[in-house]
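Chemist: What follows is a predicted structure for the sequence shown.
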Amino acid sequence: MNQIDQKKTVLLVDDAPANIQIVNAILKDIYKIRVATSGAKALELAKATPPPDLILLDVMMPEMDGYEVCRRLKLAPETCDIPVIFLTGQTEVEEETKGFDVGAVDYIHKPFSPAVVKARVQTHLVLRGIREQLSLQLLTIQKELDTARKIQLSILPATIPKIEGLDIAARYIPMTSVAGDFYDFIVVDEKRIGILVADVSGHGMPAALIASMLKIALSSEVSHASDPARVLLGLNQALCGKFEHHFVTAAYLFIDMQNRTLTYSGAGHPPLLLWGGPEGLRSIEENGLFLGKFSFATYSSRELPLKAGDRILLYTDGIPETANPAGVEFGTERFKQFLETEDSTSADYFADHLLEELSRWSARGSPEDLDDDMTIVAIQARID
């Protein structure tokens, strides 16, 4: 490619021949110059192929002034990214503000100083090049995040296990493309199941990678599925020493429908919630230290009877910590009140109703607006 082909193209828009002559003389040896003497012609040349790299635009022109030309340039997808510098003899602040409002990046005042014209044009061409590089880098990052999201979703259960006497539903709502929440099941047989819900500290790619590690670590605990304390101990041993700036909270529940029991253990995680019987809503806490930090950590478990109609909820802290526009969190008490009055006939309906309630509370329309990832595993016992 020769030197001429490498030159950037500047579109000069002015209805005064003297101004065109002066600016052209200043820039012609450095850039390719296209000239338009009206707003309509400027819009036409701006959309030509290849488009100009920068536009020098006179403010005061008949029929269509520079402000209107700039406004139209910024509304058109094919020209909206072209930087526009206004050429003007006016120095009032209000006029300059108006130019910035319609999308200009700078002003060059008349009479023209060759040094100023060259410096301003070069500066904004360099800035445009930097913006284009950043856009390409962001596009690459977004593609990588999309791939990472697909990979992360692939490690989550594709279907909900069918266990005799249990109605199970799960919801996983990441706040970004990739997340640090994780849930999985260990199906022992048609009457016994282990359920893990975990939350990696932080967000984004590092948290997602650690969540992926949990998938591998949990698969090594299948032989201990009926012993929640042993499962968490094994996960902690597998994670310790693998990362420095993160930790993992986790809850593991084992349900045995043959013996009608549930056994629970936690690692720095929000308590399991159990309700539906005459005892009302209960918070079951059996927490050891969070995972991945302390190799000496130990864990204990708690066994409870499982009765007909019992409802069980495992969740991450993104649920009670969901904040409304005033910054007030949904909170533990409001969460419990919702559970005590909620009467869904299935785990799926319950999970959806809970998310709807949180959406109303937060007044937010998409996961990207959330403050944290959210995961729910809801269970209803349908014992005859």
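Modeler: Thanks, I have it.

Chemist: How many neighbouring residues does L358 have?
Modeler: When neighbours are counted by other C-beta atoms under 10 Å, L358 registers 22. All C-beta spots, glycine's among them, are computed from the backbone N, C-alpha and C.

Chemist: Backbone dihedrals for the nearest residue to Y252 once chain neighbours are set aside, please?
Modeler: Of all residues beyond its chain neighbours, the one nearest Y252 is P228 (4.4 Å), with distances taken as C-beta to C-beta, 6 or more residues apart in numbering. When quoted as degrees, to the nearest 10, the phi and psi of P228 stand at phi -60, psi -40.

Chemist: how about P228, what does it touch?
Modeler: P228 sits next to G194, Y252, L253, F254, T263, Y264, S265, Y299, S301 when contact means C-beta atoms under 8 Å, 6 or more residues apart in numbering.

Chemist: Same list as before, these that is, but in TSV and with neighbour count, secondary structure and pLDDT included.
Modeler: As requested, the contacts of P228 are exported to TSV (neighbours: other C-beta atoms under 10 Å; DSSP: H, G, I helix; E, B strand; the rest coil; pLDDT from 0 to 100):
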residue	neighbour count	secondary structure	pLDDT
G194	24	strand	97
Y252	31	strand	98
L253	22	strand	98
F254	23	strand	98
T263	21	strand	97
Y264	24	strand	98
S265	26	strand	97
Y299	24	coil	97
S301	20	coil	96
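
Chemist: Dump those to a markdown table, plus distance to S346.
Modeler: Compiled in a markdown table, the contacts of P228 are given as follows (distance: C-beta to C-beta, whole Å):
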| residue | distance to S346 |
| --- | --- |
| G194 | 22 |
| Y252 | 24 |
| L253 | 19 |
| F254 | 22 |
| T263 | 24 |
| Y264 | 23 |
| S265 | 27 |
| Y299 | 32 |
| S301 | 28 |
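
Chemist: Looking at the residues you listed, point me to the pair that's furthest apart.
Modeler: Distances among the contacts of P228 were taken as C-beta to C-beta; the most separated pair is G194 and Y299, at 14.2 Å.

Chemist: any idea which helix is longest in the chain?
Modeler: Across the chain, the longest stretch assigned as helix under DSSP state H is helix 114-155.

Chemist: what is the mean pLDDT for that one?
Modeler: Per-residue pLDDT over helix 114-155 has a mean of 84.

Chemist: so what does it touch, helix or strand wise?
Modeler: Other elements packing on helix 114-155 under the criterion 3 or more C-beta pairs under 8 Å, 6 or more residues apart in numbering; DSSP states H and E are helix 17-27, strand 54-58, strand 84-88, strand 106-109, helix 204-219.

Chemist: the inter-axis angle of it versus helix 17-27?
Modeler: When axes from the mean of the first three to the mean of the last three C-alpha atoms, to 10 degrees is applied, the directions of helix 114-155 and helix 17-27 differ by 70 degrees.

Chemist: quick check: angle from helix 114-155 to strand 84-88?
Modeler: Here helix 114-155 runs at 160 degrees with respect to strand 84-88, directions being taken by the same axes, to 10 degrees.

Chemist: Name the next helix or strand following helix 114-155 along the chain.
Modeler: Proceeding N to C from helix 114-155, the next assigned helix or strand is strand 166-173, under DSSP states H and E.

Chemist: Just the angle for that next one relative to helix 114-155, thanks.
Modeler: Following the same axes, to 10 degrees, one obtains 170 degrees for the angle between strand 166-173 and helix 114-155.

Chemist: Tabulate the helices and strands packed on helix 114-155 (CSV), appending mean pLDDT.
Modeler: Shown next, in CSV, are the helices and strands packed on helix 114-155 (pLDDT from 0 to 100):
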stretch, mean pLDDT
helix 17-27, 95
strand 54-58, 96
strand 84-88, 94
strand 106-109, 93
helix 204-219, 85
